[in-house]
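*Asks:* just coords:
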């Protein structure tokens, strides 16, 4: 049956409810309560993240006004890749505050992958295309192998955790299927939102860790450029102090992962 655009528009209007959608109202109420709880009980996480994120973003923006003709290719690539990576990182931070734990980790996995790609272009600047697509006869990018063999980092557990959650929320769905099969699930099966301190800790810690490694990558790559930038001396000193502080925190986090 063919239907005109005008008829389709009329049909859509007729099927709309005059009142606000209850599901949306309930979700927004949950988000409000969850965010209020996190702000009240974890103010340090929010303050540190927002402040350090702001310094990182401001410093990267400052690079736009510097001459770049002498930059090696990897620096130009990193400068281009940073903004979208930071955008995704902040969305993951917001999802964490709103109570979307799995969704936050899924986004953080994307941030982690781009971070590794930004390091890959330093090691193999002539093969930079590999971080986007495969080319016949040229080096291929394999994240796990590169981290293990080139960087010598033991981060398999971290990436494995993020990947496990990213793959269709396997753990949550599998647990529910097992409980139903064993007759332990009391249902009902429905859209669920609830606060869970253990699940909250995952994206909180991972987002802080990724904020550090991105901040440190910025420092080691562009430190000399900042010296010639319009940043005042106070901000330049603050960048160094933040990098040292996050480095100490990160060392403790990596030991906890081991």
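*Replies:* Alright, I've got the coordinates. Only a predicted model underlies this, so the values are computations on that prediction, with no experimental measurement involved. Numbering: from 1, shown residues only.

*Asks:* what distance do you get for residue 86 to residue 70?
*Replies:* 25 Å (Cβ to Cβ, to the nearest Å). For glycine as for every other residue, the C-beta is placed from the backbone atoms N, C-alpha and C.

*Asks:* ok, the two, which is more surrounded?
*Replies:* residue 86 (19 against 6; other Cβ atoms under 10 Å).

*Asks:* what strand or helix carries that one?
*Replies:* helix 73-98 (DSSP states H and E).

*Asks:* next, the buried residues of that helix.
*Replies:* 74-75, 77-79, 81-82, 85-86, 88-93, 95-98 (16 or more other Cβ atoms under 10 Å).

*Asks:* ranges for the helices of the stretch 51-200 of the chain?
*Replies:* With helices called from DSSP state H, counting those that start in this stretch, the stretch 51-200 of the chain shows them at 73-98, 101-123, 143-145, 156-166, 170-181, 197-227.

*Asks:* could you list the buried residues of the last one?
*Replies:* Applying a neighbour-count criterion of 16+ other Cβ under 10 Å, the buried positions in helix 197-227 are 199-200, 202-219, 221-222, 225-226.

*Asks:* does anything pack onto that helix? Which helices or strands?
*Replies:* Judged by 3 or more Cβ pairs under 8 Å, 6 or more residues apart in numbering; DSSP states H and E, the packing partners of helix 197-227 are helix 43-62, helix 73-98, helix 101-123, helix 156-166, helix 233-257.

*Asks:* looking at the ones you listed, which is buried most?
*Replies:* helix 101-123 (a mean of 21; mean count of other Cβ atoms under 10 Å).

*Asks:* could you give the angle of it to helix 73-98?
*Replies:* 170 degrees (axes from the mean of the first three to the mean of the last three Cα atoms, to 10 degrees).

*Asks:* all numbers from here: first residue = 10
*Replies:* Okay, residue one is now 10; in that scheme the one you just asked about reads as helix 110-132.

*Asks:* so how far is helix 110-132 from its chain's centroid?
*Replies:* Centre-to-centre, helix 110-132 and its host chain are 7 Å apart (Cα atoms, centre = their mean, to the nearest Å).

*Asks:* how close does the nearest residue to residue 81 once chain neighbours are set aside sit to residue 162?
*Replies:* Excluding the flanking residues, the one nearest residue 81 by Cβ to Cβ, 6 or more residues apart in numbering is residue 134, at 6.6 Å. In this view, residue 134 and residue 162 are 20 Å apart by Cβ to Cβ.

*Asks:* cool, residue 125 as well?
*Replies:* Distance from residue 125 to residue 162, by Cβ to Cβ: 9 Å.

*Asks:* which neighbours do the two share?
*Replies:* residue 156 (Cβ atoms under 8 Å, 6 or more residues apart in numbering).

*Asks:* quick one, what contacts residue 69?
*Replies:* 88, 91, 92, 95, 227, 231.

*Asks:* out of the residues you listed, who's nearest residue 154?
*Replies:* Taking Cβ to Cβ as the measure, residue 154 lies nearest residue 91 of the contacts of residue 69, at 24.2 Å.

*Asks:* grab the nearest non-local neighbour of that closest one.
*Replies:* Leaving aside its sequence neighbours, residue 91 sits nearest to residue 69 (Cβ to Cβ, 6+ apart; 5.2 Å).

*Asks:* just the pLDDT for the one you found.
*Replies:* Looking at residue 69, its pLDDT reads 91.

*Asks:* before we move on, back to that, now the helices of the stretch 60-209 of the chain as TSV including distance to residue 243?
*Replies:* As requested, these are exported to TSV (distance: least, Cβ to Cβ, whole Å):
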stretch	distance to residue 243
helix 82-107	22
helix 110-132	28
helix 152-154	38
helix 165-175	34
helix 179-190	46
helix 206-236	12
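
*Asks:* got any ranges where the protein has weak pLDDT?
*Replies:* For the chain, the stretches flagged by pLDDT under 70 are 10-12, 17-18, 20-26, 258-267.
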